[in-house]
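Undergrad: pasted the sequence and its predicted model underneath.
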Amino acid sequence: MITFYGYDRCSTCRKAKKALDGWNVEYRDIDITEKPPTKKVLRALLASGDYRLADLFNRSGVQYRELNMKEKLKAMSDAEAIELLAGNGRLCKRPIVTDGSKHSVGFKEDVFRAAWK
């Protein structure tokens with residue numbers, strides 16, 4: 001079963017869930033703001049080679065702007081950035097979907113379909 005880290009008030013997450021539901025894909029739904037992905041999950045996303053560290057951040061989010069993350073990330077190590085994401089789900093790009101070996105971040109229908117249909 002796949003794990004879906006999302007936020008119910010996020011329109012992108014709702015679109016992604018609608019796609020999964022339409023394909024009859026079962027998933028475990030986790031509120032990313034209450035229980036962000038673990039450091040292990042985040043490291044696996046990076047290790048897949050499909051995503052850069054910057055891709056894991058919700059760069060259009062309020063907290064990203066309020067915390068001036070664009071500038072802070074330049075001076076942060078990968079380990080520090082992963083620690084920050086694992087502790088604050090509002091900074092994570094969403095949804096994050098994983099089955100332990102495949103992963104997707106955000107919702108681009110063609111990418112999402114290739115991974116999860």
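TA: Okay, I see it. Numbers count the residues shown, from 1 in each chain.
Undergrad: my guess is A16 meets F107, correct?
TA: Yes. In this structure, A16 sits in contact with F107. The criterion is C-beta atoms under 8 Å, and the distance is 4.3 Å. Glycine gets a C-beta too; all of them are placed from N, C-alpha and C.
Undergrad: overlap in contacts, those two.
TA: Among the neighbours of A16, those also in contact with F107 (C-beta atoms under 8 Å, 6 or more residues apart in numbering) are P95.
Undergrad: hmm, who's touching the strand or helix carrying A114?
TA: With secondary structure defined by DSSP states H and E, A114 is part of helix 109-116. If you take C-beta under 8 Å, 6+ apart as the criterion, helix 109-116 is touched by 2, 16, 19-20, 23, 25, 97, 102-104.
Undergrad: buried set for it?
TA: Along helix 109-116, the positions that meet the burial threshold by neighbour count (16 or more other C-beta atoms under 10 Å) are 112, 116.
Undergrad: per-residue confidence for the closest residue to G87 other than its chain neighbours?
TA: Using C-beta to C-beta, 6 or more residues apart in numbering and skipping residues adjacent in sequence, the residue nearest G87 is P36, 6.8 Å away. With respect to pLDDT, P36 has a value of 97.
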